[in-house]
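> below: sequence and its predicted model.
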Amino acid sequence: MGGTSPDLSFFQSQTAQNLRAEARVATRAEDILLLLGDRGVEVPEEARERILGCQDLDVLGVWFRRAITAVSVAEVFGASDAG
């Protein structure tokens, strides 16, 4: 049963890393929405789309930390992020 194995290094590296990164982003965005919902913070559709559409894990991390104590979506986005 000899033969050579196909070279899967590309899929194991770049593609896998991209898929894991996309999963982390999606999970963090969903966590923010879940947290806000559990805390009774109203999330308008525009804000929901902004959160789900964000692809920057660092920004999502900031928003998540703010969502822990925020009483409004505006507080999650912060004054400097408004617009």
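Perfect, thanks for sending it. Numbers count the residues shown, from 1 in each chain.

> grab the longest helix from this protein for me.
helix 16-38 (DSSP state H).

> contacts for that helix, please.
Contacts to helix 16-38, defined as Cβ atoms under 8 Å, 6 or more residues apart in numbering, come from residues 43, 48, 51-52, 54-57, 60-61, 63-64, 67-68, 70, 73, 76. The C-beta positions use only the backbone N, C-alpha and C, and glycine is treated the same way.

> so how far is N18 from E46?
Distance of E46 to N18, given as Cβ to Cβ, to the nearest Å: 28 Å.

> whoops, I mixed them up, Q55
Taking Cβ to Cβ as the measure, Q55 falls 11 Å from N18.

> one more: A67?
From A67 to N18 the distance is 26 Å (Cβ to Cβ).

> give me the more crowded residue out of those two.
Each of A67 and N18 has its neighbours counted (other Cβ atoms under 10 Å); A67 has more, 23 against 10.

> which residues of the protein score low on pLDDT?
Within the chain, the stretches with pLDDT under 70 are 1-8, 10-11, 79-83.

> mind running it again at 80?
1-13, 79-83 (pLDDT under 80).

> measure the residue at minimal distance from the centre of the chain to S9 for me?
Centroid-nearest residue in the chain, with Cα atoms, centre = their mean: V25, separated by 3.0 Å. Using Cβ to Cβ, V25 is found at 24 Å from S9.

> with A29 instead?
As defined by Cβ to Cβ, A29 lies at a distance of 30 Å from S9.

> those two: which has the busier surroundings?
Per other Cβ under 10 Å, whichever of A29 and S9 has more neighbours is A29, with 21 against 8.

> thinking again about what came up before, in PyMOL, select just the buried ones from the contacts of helix 16-38.
A single PyMOL command is used to select the members of those judged buried by 16 or more other Cβ atoms under 10 Å:
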select buried, resi 43+51+54+60+63+64+67+70+73+76
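
> what does stretch 41-49 contact?
Residues contacting stretch 41-49 (Cβ under 8 Å, 6+ apart): 33, 36-37, 51, 67, 70-73, 76-77.

> try 7 Å
33, 36-37, 70-73 (Cβ atoms under 7 Å, 6 or more residues apart in numbering).
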